[in-house]
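**Student:** below: sequence and its predicted model.
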Amino acid sequence: MRNFLLSGVAASLLLVSANAADSLEDAFKDGKFRGHIRAFYIDRYWQGALESAKTDYDAFAVGVDLHYETGSFYGFSAGIGIYSDNDFGLNSSDIKKVHTSILGDDGESYAFVGEAYLQYKNGNTIFKAGRQKLNTPLIAADDARMIPNLFEAYMLINKDLPNTTLIAGHVTKIAPGTFFNQYRSTSPAGQALAITAGYGANANASIGKFQDMGWYAIGKETDGVSLAAVVYKGIENITLQAWDYYAHDILNAIYLQADFKWNSLISDSIKPFAGLQYINQKDVGNKLAGKVDSNYIAAKIGAQYNNLSLYAAYSTTDSSKGAAVNGGVITPWGGMPAFTQGMVTRHQFFADTDAWKVAGVYKWSNFGLNLKTAFFYTSFDVGKDNAYSPNHAWTATEAGFDFIYYPEAIKNLQVRFRGNFPRSFYEKADGRDLGWNEYRFIINYNF
């Protein structure tokens with residue numbers, strides 16, 4: 001499929017060149033180049049009764065992605081994106097001491113062609129085929145570490161209807177991002193964690209290489225994932241979206257979300273908001289993951305007052321004994337839309353789990369600073385039907401912060417400092433637990 005897509009891009013450009021070389025030359029002259037540099041340092045110190053079984057680790061890396069897209073020629077354009085991840089030999093030679101979530105499979109540097117696509121635009125319709133970045137509720141880039149997830153896909157987007165976006169697509173392959181290293185596991189418990197936290201259960205998958213969607217998710221090749229969606233904004237202060245994902249021979253997932261805003265009766269400076277989420281999953285076709293039966297419901301409510309925003313959220317996930325991960329939400333392709341997720345703790349998708357979250361964001365522009373600070377606290381009441389620590393119920397928590405600063409002296413530069421502090425992320429039946437303190441320092445520069 002990869003060779004077919006890339007050949008299609010080349011063939012289309014050659015065909016256009018044969019018929020109108022001058023116009024094609026203009027299309028390349030009108031092309032746009034952009035790039036992004038990310039420097040990332042991450043440091044984790046383990047905590048809890050199981051701490052002695054783990055090794056504290058850290059890592060430093062610099063990632064670069066370079067993109068070029070031609071100008072339009074009769075509605076056609078083509079693009080390419082090259083991604084690289086480099087540690088410059090600055091990390092420990094002991095792999096156990098390297099936080100590989102920002103590096104390649106074995107903590108190494110790597111580079112690859114992450115985007116290579118042909119795009120056609122006609123009026124309010126866009127069709128895009130080839131390697132590309134996707135950001136949908138259950139198939140997404142999840143750009144939380146160094147290199148994001150990337151996909152081989154065919155995507156069609158239409159906005160002809162008033163206030164309505166229609167989306168249809170088919171995704172055949174995924175190149176997992178560096179975050180996959182955090183979840184790579186050969187144990188049933190580790191695979192259960194991965195497949196409910198946004199990543200595949202196949203430990204043999206490779207970062208930065210395009211692999212079959214089913215093989216990456218559960219170790220069995222499939223015909224990929226077909227999707228369709230409607231996003232509607234025709235009602236004032238309300239956004240509605242409905243998505244259907246048909247993962248061939250694995251599951252069908254329905255994702256619904258509604259977001260609301262309204263005027264406060266107390267003050268015009270107070271702007272309340274709320275949201276609702278629902279996920280339902282059922283097995284389909286050859287049932288390669290076995291029985292699939294999961295339901296997730298979530299709600300959030302909050303308000304913005306000048307530069308301060310606060311919200312609280314709650315979610316619950318059913319259980320279904322005998323189903324895959326006992327009825328937890330299966331999301332192996334980077335999709336992590338949950339209102340109650342933490343920075344790293346994503347237990348809200350475990351079966352038999354109730355979760356809640358409180359968070360606040362403050363923008364310091366009134367003080368002449370291009371600074372945004374965020375704080376959150378999450379709690380997960382994990383029931384005994386979970387597949388991570390089977391037949392054991394416990395409460396996991398995570399607190400965290402995020403400081404984002406844009407120096408005025410350097411345009412397009414972002415400096416970010418983040419921290420997360422999970423407690424009882426994992427707990428055994430005898431009560432022994434594992435958590436950590438983790439800090440991240442990140443510099444992003446776009447050009």
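**Tutor:** Okay, I see it.
**Student:** list phi and psi for the nearest residue to Trp364 once chain neighbours are set aside.
**Tutor:** Excluding the flanking residues, the one nearest Trp364 by CB to CB, 6 or more residues apart in numbering is Leu371, at 4.3 Å. (Each C-beta comes from the backbone N, C-alpha and C, glycine too.) Dihedral pair for Leu371: phi -130, psi 140, per degrees, to the nearest 10.
**Student:** neighbours around Leu371, how many?
**Tutor:** 16 (other CB atoms under 10 Å).
**Student:** distance of it from Lys363?
**Tutor:** 7 Å (CB to CB, to the nearest Å).
**Student:** circling back: list the contacts for the residue nearest to Trp364?
**Tutor:** By CB atoms under 8 Å, 6 or more residues apart in numbering, the contact set of Leu371 is Lys363, Trp364, Phe403, Ile404, Tyr405, Tyr406.
**Student:** and if you look at Asn280?
**Tutor:** Applying CB under 8 Å, 6+ apart, the residues near Asn280 are Ala253, Ile254, Ser294, Asn295, Tyr296.
**Student:** partner strands of the helix or strand where it lies and their direction?
**Tutor:** Using DSSP states H and E, the element containing Asn280 is strand 270-283. Using DSSP bridges, the strands paired with strand 270-283 in its sheet are strand 251-261 (antiparallel), strand 293-305 (antiparallel).
**Student:** got the buried residues for that strand?
**Tutor:** Lys271, Pro272, Phe273, Ala274, Gly275, Gln277, Ile279, Asn280, Gln281, Asp283 (16 or more other CB atoms under 10 Å).
**Student:** for Lys363, see how far away the residue nearest to the first one when sequence neighbours are not counted is.
**Tutor:** Okay, so that is Lys271. Nearest in space to Lys271, with sequence neighbours left out and distances taken as CB to CB, 6+ apart, is Gln304 at 4.5 Å. Distance check for Gln304 against Lys363: by CB to CB, it reads 10 Å.
**Student:** next one: Ala399
**Tutor:** From Ala399 to Lys363 the distance is 21 Å (CB to CB).
**Student:** and what of Asp87?
**Tutor:** 34 Å.
**Student:** quickly run through the sheet partners of the helix or strand where Phe151 lies, with directions.
**Tutor:** Assigned by DSSP H and E, Phe151 falls within strand 150-158. Note on strand 150-158: by DSSP bridges, its sheet partners are strand 125-132 (antiparallel), strand 164-175 (antiparallel).
**Student:** ok so, going back, chain center to the strand holding Asn280, what's the gap?
**Tutor:** 17 Å (CA atoms, centre = their mean, to the nearest Å).
**Student:** what does stretch 421-435 give?
**Tutor:** For stretch 421-435, the distance to the chain centre is 25 Å (CA atoms, centre = their mean).
**Student:** what does stretch 411-418 give?
**Tutor:** Using CA atoms, centre = their mean, the distance between the centre of stretch 411-418 and that of its chain works out at 20 Å.
**Student:** and it, what's buried?
**Tutor:** For stretch 411-418, by 16+ other CB under 10 Å, it's Leu413, Gln414, Val415, Arg416, Arg418.
**Student:** contacting residues for the residue nearest to Ala39 when sequence neighbours are not counted?
**Tutor:** Setting aside the residues directly before and after it, Ala39 is nearest to Ile443 in space (CB to CB, 6+ apart), at 4.4 Å. By CB under 8 Å, 6+ apart, the contact set of Ile443 is Ile37, Arg38, Ala39, Leu413, Gln414, Val415, Arg416.
**Student:** so Ile443: helix, strand or coil?
**Tutor:** Put simply, Ile443 is strand when judged by DSSP: H, G, I helix; E, B strand; the rest coil.
**Student:** what about it, distance to Ile147?
**Tutor:** According to CB to CB, Ile443 and Ile147 sit 16 Å apart.
**Student:** thinking Gln304 is in contact with Asp268, fair?
**Tutor:** No: counting by CB atoms under 8 Å, Asp268 is not a contact partner of Gln304; they are 11.7 Å apart.
**Student:** ok now do the residue nearest to Phe260 when sequence neighbours are not counted, which residues does it touch?
**Tutor:** Closest residue to Phe260 apart from its sequence neighbours, by CB to CB, 6+ apart: Ala274 at 4.7 Å. With contact set as CB under 8 Å, 6+ apart, Ala274 has these partners: Asp259, Phe260, Ala299, Lys300, Ile301, Gly302.
**Student:** beta-bridge partners for the second one, please?
**Tutor:** Per DSSP bridges, the residues bridged to Phe260 are Ile238, Ala274.
**Student:** separation between it and Val113?
**Tutor:** Taken as CB to CB, the span from Phe260 to Val113 is 42 Å.
**Student:** equivalent analysis for the third one, please.
**Tutor:** Ala299 sits at a distance of 42 Å from Val113 (criterion: CB to CB).
**Student:** try the last one
**Tutor:** Computed as CB to CB, the Gly302 to Val113 distance reads 41 Å.
**Student:** low-scoring pLDDT stretches of the protein, where are they?
**Tutor:** The chain contains residues with pLDDT under 70 at 1-22.
**Student:** quick one, strands of the stretch 201-350 of the chain?
**Tutor:** Counting by DSSP state E, counting those that start in this stretch, the stretch 201-350 of the chain has strands at residues 211-212, 225-235, 238-247, 251-261, 270-283, 293-305, 308-317.
**Student:** tell me which of the ones you listed sits nearest to His347.
**Tutor:** Across the strands of the stretch 201-350 of the chain, His347 has its closest neighbour in strand 308-317 (9.2 Å, CB to CB).
**Student:** centre-most residue in this structure?
**Tutor:** Asp142 (2.0 Å; CA atoms, centre = their mean).
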